[in-house]
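1. Structural data only, the sequence is not supplied:
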C-alpha cells in the first residue's frame, strides 16, 4: 500500500517501488546491449567503416528506444523523465544518421562517424546530469552521476583525438569505444539490480 502521509496526487513510496519493479529490466537491457557492443568492437578492431557504422547505429537505436520507453513509462512518477526522453531521442537520431550516411566518402565518412559518436556521447552525458539530480539520494544517484561524467569525458576525449590525428583515430578509437561501452554497460547492469533490490525492500517495508 502507498504511504498514508503522502499528499494527494503525489507518488508515495509504494508507488515508486512499483515503478522500480516494472522498469529495472529496461536499465538491465541497456547495460547488456552496451557490454555486447563493447566486446564486439574490441574483438573486431579491423572492421570496415560500414560494419562499425551499423554496429554503432544498432546500439544507439536500441539503447535510445529503451531509454524512451523507460521515460514514457515513468513520466507520471519520475521528475527527470523529460531529460531521459531527450537522451533517448538523441540516441535514436544519431543511430539513424549513421545508417543513412553514405559510405563512399571513405576516411571522411569515418571521421564523420567518429564526430557523430563524440557529440552523441557528450550530449547524452550532459542530459544525464539533470536526470541524476532528480533521483533520490543513494547509490543509484551516485551511479547516474558517474555514468554521466564518463559519457562527457569520453565525448571530449574523442573530439580531441580526432582533431589531432583523424587517420589513426579511425582504428585506434574502436578500442576506446569498446572499453567505454563495456564499463558503461556494467555500471548500468549494477544500477539495474540496485533498483530491483531497492524496490523489493521498499515494497516489503510498506506491506509490513
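-> Sure thing, it's come through. Predicted model only: the values in this text are computed from it and were never measured. Numbers count the residues shown, from 1 in each chain.

2. remind me which residues of this structure are low pLDDT?
-> For the chain, residues meeting the criterion pLDDT under 70 lie at 1-22, 45-50, 52, 101-110, 135-140, 167, 169-173, 199, 202-208.

3. how about the helices in it?
-> 13-43, 49-73, 81-100, 107-134, 139-164, 166-207 (DSSP state H).

4. Dump those helices into TSV; add mean neighbour count as well.
-> Glycine gets a C-beta too; all of them are placed from N, C-alpha and C. Putting the helices of the chain into TSV (neighbours: other C-beta atoms under 10 Å) gives the following:
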stretch	mean neighbour count
helix 13-43	19
helix 49-73	20
helix 81-100	19
helix 107-134	19
helix 139-164	17
helix 166-207	17
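
5. What's the separation between residue 38 and residue 166?
-> Distance, residue 38 to residue 166, by C-beta to C-beta, to the nearest Å: 23 Å.

6. Then residue 44?
-> 21 Å.

7. got a list of what residue 44 touches?
-> residue 51 (C-beta atoms under 8 Å, 6 or more residues apart in numbering).

8. Let's see that with 7 Å instead.
-> Contact analysis of residue 44 by C-beta atoms under 7 Å, 6 or more residues apart in numbering lists nothing.

9. Please apply the same query to residue 94.
-> Residue 94 makes contacts with 60, 116, 120, as judged by C-beta under 7 Å, 6+ apart.

10. Residue 55 too?
-> Residue 55 touches 37, 40, 41, counting by C-beta under 7 Å, 6+ apart.

11. List just the nearest of those to residue 93.
-> residue 37 (17.9 Å; C-beta to C-beta).

12. Residue 164 versus the closest residue to that closest one other than its chain neighbours, what's the distance?
-> Distances taken as C-beta to C-beta, 6 or more residues apart in numbering put residue 59 closest to residue 37, at 4.3 Å, once the chain neighbours are dropped. Distance of residue 59 to residue 164, computed by C-beta to C-beta: 26 Å.
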